[in-house]
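Visitor: Structure for this input, please:
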Amino acid sequence: MRYSRFLSEHNGMNPQILSVFYALALMLTLATPTPGQNWPSFRGQNASGVADGKPTPVKWDAEKNTNISWKVPIPGLAHSSPVVWGEMIFVTTAVSSDPKSYFRHGLYGDVDSAEDMSRHSWRVYCLEKKTGKVLWERVAHEGIPKTKRHIKSTFANSTPVTDGRYVIAFFGSEGLYCYDFKGNLKWKQDLGVLDAGWFFDPDYQWATASSPIIYKDLVILQCDIQKGSFIAAYNMKDGKQAWRTPREEISSWGSPTIVEGKQRVEVVTNATKAVRSYDPMTGKELWKLIGNPEVTATTPVSAHDLIFICNSYRPNQPIYAIKQGIATGDISLKDGKTSNDFVAWSMQRGGTYMPTPVVYGDYLYLCANHGVMTVYNAKTGERIYQQRIGDKGGSYSASPIAANGNIYLSSEDGEIFVVKAGSKYELLSVNPMGEVLMATPAISDGMVIVRGQKHVFGISEKPVDNSKSGK
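Guide: Now for the predicted structure:
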């Protein structure tokens with residue numbers, strides 16, 4: 001189209017000169033890189049968990065190296081997810097100096113803290129998306145951890161975030177760090193001791209997990225801890241605090257979400273005492289909804305002009321669908337009510353504990369910790385179906401994601417299940433990764449990027465060589 005316009009606008013030019021201009025225009029166009037599909041934060045843009053537009057692999061086998069483009073070892077222990085901008089992938093980790101550092105995955109309810117208080121190294125890695133090559137590695141901090149962690153947790157739970165200029169890594173009590181894309185440290189912030197743990201007994205420390213987000217030139221953090229909870233924003237340019245709002249909260253582990261509605265932009269947080277919304281530029285509280293269980297770990301998601309909140313812990317398992325952009329003040333439901341002027345629909349049973357749900361098309365997909373997927377009509381709350389994933393059960397902490405008409409669900413036991421999106425359950429494949437999976441994968445340009453306990457994998461369907469088949 002560019003060439004047609006050029007020719008029509010310069011129809012009277014000398015043909016030889018015109019051909020030179022045409023050749024130069026073609027060369028410039030071919031030399032211009034095509035922008036990649038970005039996955040800039042936990043669960044991608046605004047935590048949606050969706051990456052459509054490119055064919056995405058359905059079948060692979062990491063143990064047999066089938067459809068595995070690359071596999072790169074990353075030392076340490078981390079549950080943080082990979083993020084992607086253009087041709088660069090960023091991951092974080094915490095490397096213990098104790099060779100016997102303990103971690104246990106699976107379905108259990110122990111409240112124990114790990115005893116590994118050895119010297120650690122908190123690191124940020126930048127990988128090349130096409131090859132997995134480590135472009136740079138930076139040590140953000142070294143020292144003795146300032147708090148303990150849960151035996152199923154790590155000291156690098158928080159997923160980094162990027163805006164294409166900088167990458168932000170949050171290591172809880174070990175600080176907030178900003179790097180440019182060449183690995184230069186631009187600034188860091190010591191936020192003090194952020195002790196997130198069991199509210200019944202502060203001796204049980206579990207470590208933080210909420211991931212930072214970016215809105216315009218602000219880095220926003222939700223820090224719900226034993227004492228002194230807050231949400232705050234820091235200037236991207238220099239790391240100085242732009243605003244800080246105290247929160248009457250106990251420890252929580254979900255990330256805040258930017259909701260860009262038709263009427264306004266708001267940052268929504270999920271926590272025990274209340275779901276809350278704030279003005280992202282000032283930190284002013286806009287509304288709150290009371291009715292959550294004792295422990296919250298999921299992240300708010302938005303679609304269809306609704307904000308979805310999902311939790312599961314004693315004494316209840318709520319799901320809320322809150323109308324975007326109009327709520328104000330206390331929007332809590334009255335006893336026995338499932339909706340009001342601001343809550344489109346809700347239920348007190350059916351929410352999930354660790355995995356954040358995903359809205360894909362008309363449906364809301366939930367994955368329980370024990371591997372049961374429940375699908376709802378996102379607009380009405382009508383349950384469409386409920387089905388155990390695969391036939392083994394298992395444990396799930398990673399959140400489901402969606403692409404190219406399919407839902408991807410990662411089991412802690414090292415398998416990724418691909419289920420066809422829609423009103424009926426159809427398991428398309430079971431894909432072994434060969435190691436424990438705790439982090440939520442990323443998707444970019446048709447590549448599924450999986451962070452396992454020991455490696456980061458790039459998964460892409462390899463093109464069929466028809467010349468060898470005679471076709």
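Visitor: residue contacts, the residue nearest to Ser113 when sequence neighbours are not counted?
Guide: Spatial nearest neighbour of Ser113, excluding adjacent residues (Cβ to Cβ, 6 or more residues apart in numbering): Lys148 at 3.9 Å. Using the backbone N, CA and C atoms, a C-beta is placed for each residue, glycine as well. Listed by Cβ atoms under 8 Å, 6 or more residues apart in numbering, the contact partners of Lys148 are Ser113, Ala114, Glu115, Met117, Gly197, Gln205, Trp206, Ala207.
Visitor: go on, Lys227?
Guide: Contacts for Lys227 (Cβ under 8 Å, 6+ apart) come out as Asp195.
Visitor: List just the nearest of the contacts of Lys148 to Leu306.
Guide: For those, the closest approach to Leu306 (Cβ to Cβ) belongs to Trp206, at 30.7 Å.
Visitor: Distance-wise, check the closest one relative to Ser153.
Guide: As for Trp206, its distance to Ser153 is 6 Å (criterion: Cβ to Cβ, to the nearest Å).
Visitor: phi, psi of Glu174?
Guide: phi -90, psi 0 (degrees, to the nearest 10).
Visitor: in what helix or strand does the closest residue to Pro441 other than its chain neighbours lie?
Guide: Residue nearest to Pro441 in three dimensions, not counting chain neighbours: Val450, with 4.7 Å by Cβ to Cβ, 6+ apart. If you go by DSSP states H and E, Val450 is part of strand 447-451.
Visitor: name the helices or strands packed onto that strand?
Guide: strand 442-444, strand 455-459 (3 or more Cβ pairs under 8 Å, 6 or more residues apart in numbering; DSSP states H and E).
Visitor: The shortest one pairs with which strands?
Guide: In the sheet containing strand 442-444, the strands it pairs with under DSSP bridges are strand 447-451 (antiparallel).
Visitor: Just the C-alphas of the strand it pairs with, formatted as PDB.
Guide: Extracted C-alpha coordinates of strand 447-451, given in PDB (Å, rounded to 0.1, in the frame of the first residue of the first chain):
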ATOM      1  CA  MET A 447       6.200 -19.100  21.400                       C
ATOM      2  CA  VAL A 448       5.300 -20.500  24.800                       C
ATOM      3  CA  ILE A 449       8.000 -19.600  27.300                       C
ATOM      4  CA  VAL A 450       8.000 -21.800  30.400                       C
ATOM      5  CA  ARG A 451       9.900 -21.300  33.600                       C
END
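Visitor: would Ser173 count as being in a helix?
Guide: Yes: assessed with DSSP: H, G, I helix; E, B strand; the rest coil, Ser173 lies in a helix.
Visitor: Pull the contacting residues for it.
Guide: Ser173 sits next to Pro145, Lys146, Thr147, Leu191, Gly192, Val193, Leu194, Asp195, Thr208 when contact means Cβ under 8 Å, 6+ apart.
Visitor: 7 Å instead, please
Guide: Lys146, Thr147, Val193, Leu194 (Cβ atoms under 7 Å, 6 or more residues apart in numbering).
Visitor: quick one: which of these is most hemmed in?
Guide: Neighbour counts for these, by other Cβ atoms under 10 Å, peak at Leu194, which reaches 25 neighbours.
Visitor: Might one say that it is in contact with Thr208?
Guide: Yes: contact criterion Cβ atoms under 7 Å: Leu194 and Thr208 qualify, at 5.2 Å.
Visitor: shared neighbours, these two?
Guide: Shared contacts of Leu194 and Thr208 (Cβ under 7 Å, 6+ apart): Gly172.
Visitor: if we can go back for a sec, give me whichever of the helices and strands packed on strand 447-451 is most buried.
Guide: Mean neighbour count (mean count of other Cβ atoms under 10 Å) peaks for strand 442-444 among the helices and strands packed on strand 447-451, with a mean of 27.
Visitor: got the contact list for that one?
Guide: Under the contact criterion Cβ under 7 Å, 6+ apart, strand 442-444 has outside partners 36-39, 44, 51, 56, 81-84, 129, 401, 403, 449.
Visitor: 8 Å instead?
Guide: Strand 442-444 has contacts (Cβ under 8 Å, 6+ apart) with 36-39, 44, 51, 56, 81-84, 89, 129, 401, 403, 408, 448-449.
Visitor: got a list of contacts for stretch 423-430?
Guide: Residues from elsewhere that reach stretch 423-430, judged by Cβ under 8 Å, 6+ apart: 58-59, 363, 373, 375, 384-385, 387, 389-390, 406, 415-420.
Visitor: Weed out the non-buried ones from the residues you listed.
Guide: Buried by 16 or more other Cβ atoms under 10 Å: Val58, Tyr363, Met373, Val375, Ile384, Ile389, Asn406, Glu415, Ile416, Phe417, Val418, Val419, out of the contacts of stretch 423-430.
Visitor: Now tabulate the residues you listed in JSON lines and tack on distance to Asp163 and secondary structure.
Guide: Rendered in JSON lines, the data for the buried ones among the contacts of stretch 423-430 read as follows (distance: Cβ to Cβ, whole Å; DSSP: H, G, I helix; E, B strand; the rest coil):
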{"residue": "Val58", "distance to Asp163": "31", "secondary structure": "coil"}
{"residue": "Tyr363", "distance to Asp163": "30", "secondary structure": "strand"}
{"residue": "Met373", "distance to Asp163": "33", "secondary structure": "strand"}
{"residue": "Val375", "distance to Asp163": "33", "secondary structure": "strand"}
{"residue": "Ile384", "distance to Asp163": "36", "secondary structure": "strand"}
{"residue": "Ile389", "distance to Asp163": "34", "secondary structure": "coil"}
{"residue": "Asn406", "distance to Asp163": "28", "secondary structure": "strand"}
{"residue": "Glu415", "distance to Asp163": "34", "secondary structure": "strand"}
{"residue": "Ile416", "distance to Asp163": "28", "secondary structure": "strand"}
{"residue": "Phe417", "distance to Asp163": "32", "secondary structure": "strand"}
{"residue": "Val418", "distance to Asp163": "31", "secondary structure": "strand"}
{"residue": "Val419", "distance to Asp163": "32", "secondary structure": "strand"}
